[in-house]
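Undergrad: predicted coordinates and the sequence they were generated for:
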Amino acid sequence: MAISNVKTIGILGAGTMGAGIAQLAAQAGYKTLLYDLSREQLNKGFKGIEDNLSKAVEKSIITQQTKLDALSNLTLVDDIGQLKVDVCIEAVVERLEVKVALFKQLAEINSTTCILATNTSSIPITRVAAAIPHPERVVGMHFFNPAHIMKLVEIISGAATSSEVASTIYQLALKMGKKPVYANDSPGFIVNRVARHYYVEGLKLLEENVADHETIDALLESSGFKMGPFRLMDLIGVDTNYSVMSSMYESFHFDAKFRPSRIQQQKVDAGHFGRKTGKGFYQY
C-alpha cells in the first residue's frame with residue numbers, strides 16, 4: 001500500500017505509548033481509531049492526549065485550531081470489530097502471544113493490504129509475522145517514550161516484510177513529524193540493543209551495593225546523560241523495561257550479560273512501575 005492510500009489508522013492499546021501514537025496520527029490528519037478493552041483506559045488515554053495538545057497550545061507549538069482538528073480526527077473504540085483500517089499500530093503488553101492474537105483478529109476483518117505494524121521494542125518482527133496471513137504486511141514501527149515528543153522511530157523489517165510496506169511506514173513516520181531509521185530484525189533492534197547495558201550495569205551496581213540509585217543517577221547525569229538509568233526506567237515504566245529485558249535475555253539464549261535484575265523484578269512484583277503508579281525507584 002502506498003502512503004497516499006493511507007487514510008485511516010487504528011491504534012491498539014490506550015496506555016502511555018498507544019495514546020501518544022494516536023495523538024501523532026490524529027495531528028497528522030489521519031482518521032484515527034484508538035482501541036482498548038477498557039473504557040476507563042480509553043478515557044484516560046484521551047485525557048492525556050487532550051492535556052498534551054493543550055500544553056502545546058500554551059507553548060505556541062500548535063494553534064488552538066490544530067488541537068481541535070486533531071481531537072476531531074480521534075475516535076475511541078472498545079470493539080475490535082470496528083478497526084477496519086489501512087494501517088494498524090499495536091502498542092500493547094510486550095508479549096508475543098498477545099500481539100499475534102490481536103493481529104490475527106485484525107487480519108480477519110481487514111483486507112490483505114492492511115499494514116500491521118508493531119511497536120514492540122524487543123520481540124523479533126519475524127516471530128510476530130510467522131503466524132499471520134500475508135506476513136509481508138507485518139512491520140516494526142518502534143516509537144520512544146514519550147511518543148509525542150521523542151523524534152526517533154525505528155522501522156524494522158522481518159524476514160517476510162515487503163520493501164513497499166517498510167517504505168510506506170517510513171513515510172508515515174515522516175508525516176507524523178518523526179525521524180525514522182531502517183533497522184533489520186534483531187533482538188532489541190538498534191536502540192534497545194545499545195541502551196540495554198545502560199540499565200543492566202546500573203542495576204548491577206545497585207545489586208552489589210556499590211552505590212545507591214540516586215548516586216548512580218547523579219553520576220551519569222553529571223557526565224552528560226539527560227536522565228540516569230533509574231529515573232529513565234521510572235519514566236518508561238519499570239514493568240515495561242523489565243519485559244524488554246526478559247525478552248532480550250531469552251532472545252540472546254540467556255546470555256548472562258542480558259540477565260534481568262532481581263531488584264527490578266521485585267519492583268514489578270510489588271506493582272512499583274514508576275511514574276504511572278506514583279512509585280518506582282523514586283516516589284512521585
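TA: Structure's in. What do you need?
Undergrad: which residues sit in contact with the nearest residue to residue 11 once chain neighbours are set aside?
TA: Spatial nearest neighbour of residue 11, chain neighbours left out: residue 22 (4.3 Å); criterion: C-beta to C-beta, 6 or more residues apart in numbering. For the C-beta atoms, the positions are set from N, CA and C on the backbone; glycine is no exception. Listed by C-beta atoms under 8 Å, 6 or more residues apart in numbering, the contact set of residue 22 reads 11, 14, 32, 34, 45, 49, 74.
Undergrad: quick one: buried residues of stretch 76-85?
TA: Residues of stretch 76-85 classed as buried by neighbour count (16 or more other C-beta atoms under 10 Å): 76-77, 80, 83, 85.
Undergrad: returning to what we had before: just the ones of the contacts of residue 22 in strands?
TA: 11, 32, 34, 74 (DSSP state E).
Undergrad: residue 114: which of the residues you listed is nearest?
TA: residue 11 (13.7 Å; C-beta to C-beta).
Undergrad: and that closest one, how far from residue 240?
TA: 17 Å (C-beta to C-beta, to the nearest Å).
Undergrad: how about residue 186?
TA: 20 Å.
Undergrad: ok, now residue 33?
TA: 23 Å.
Undergrad: now residue 156, which residues is it bridged with?
TA: Residue 156 has these beta-bridge partners by DSSP bridges: residue 140, residue 183.
Undergrad: could you pull out the helices for the stretch 151-284 of the chain?
TA: 163-175, 191-207, 213-222, 229-236, 238-251, 262-269 (DSSP state H, counting those that start in this stretch).
Undergrad: can you classify the residue nearest to residue 11 by secondary structure?
TA: helix (DSSP: H, G, I helix; E, B strand; the rest coil).
Undergrad: count of neighbours near residue 191?
TA: Neighbour count of residue 191, defined by other C-beta atoms under 10 Å: 15.
Undergrad: repeat for residue 279
TA: By other C-beta under 10 Å, neighbour count at residue 279 equals 17.
Undergrad: please apply the same query to residue 72.
TA: Around residue 72 there are 10 residues (other C-beta under 10 Å).
Undergrad: quick check: pLDDT value at it.
TA: Note on residue 72: pLDDT of 97.
Undergrad: now the longest helix seen in the chain: buried residues?
TA: Taking DSSP state H as the criterion, the chain has its longest helix at helix 39-58. Buried positions in helix 39-58, judged by neighbour count with 16+ other C-beta under 10 Å: 41-42, 44-46, 48-49, 52-53, 56-57.
Undergrad: and those residues, which is closest to residue 253?
TA: residue 41 (35.3 Å).
Undergrad: hmm, that closest one is touching residue 15, no?
TA: Yes - when contacts are counted by C-beta atoms under 8 Å, residue 41 is listed as touching residue 15 (6.9 Å).
Undergrad: residues contacting residue 239?
TA: 268, 273-274.
Undergrad: for it, give its distance to residue 132.
TA: The value you get for residue 239 to residue 132, if C-beta to C-beta is used, is 26 Å.
Undergrad: can you list the domains in this structure?
TA: 3-184, 192-277 (automatic domain parsing).
Undergrad: rewinding a little: among the ones in strands among the contacts of residue 22, which ones are buried?
TA: Applying a neighbour-count criterion of 16+ other C-beta under 10 Å, the buried members of the ones in strands among the contacts of residue 22 are 11, 32, 34, 74.
Undergrad: now the first one: how far from residue 204?
TA: In this case it means residue 11. Look at residue 11 and residue 204: by C-beta to C-beta, they are 36 Å apart.
Undergrad: so which of the buried ones among the ones in strands among the contacts of residue 22 is the closest to residue 151?
TA: Closest to residue 151, out of all of those and judged by C-beta to C-beta, is residue 11, at 19.1 Å.
Undergrad: per-residue pLDDT, the closest one?
TA: 98.
Undergrad: pretty sure it sits against residue 85.
TA: No - contact criterion C-beta under 8 Å: residue 11 and residue 85 do not qualify, at 9.3 Å.
Undergrad: which residues do those two both contact?
TA: residue 33.
Undergrad: for the helices of the stretch 151-284 of the chain, which one sits closest to residue 93?
TA: helix 238-251 (7.3 Å).
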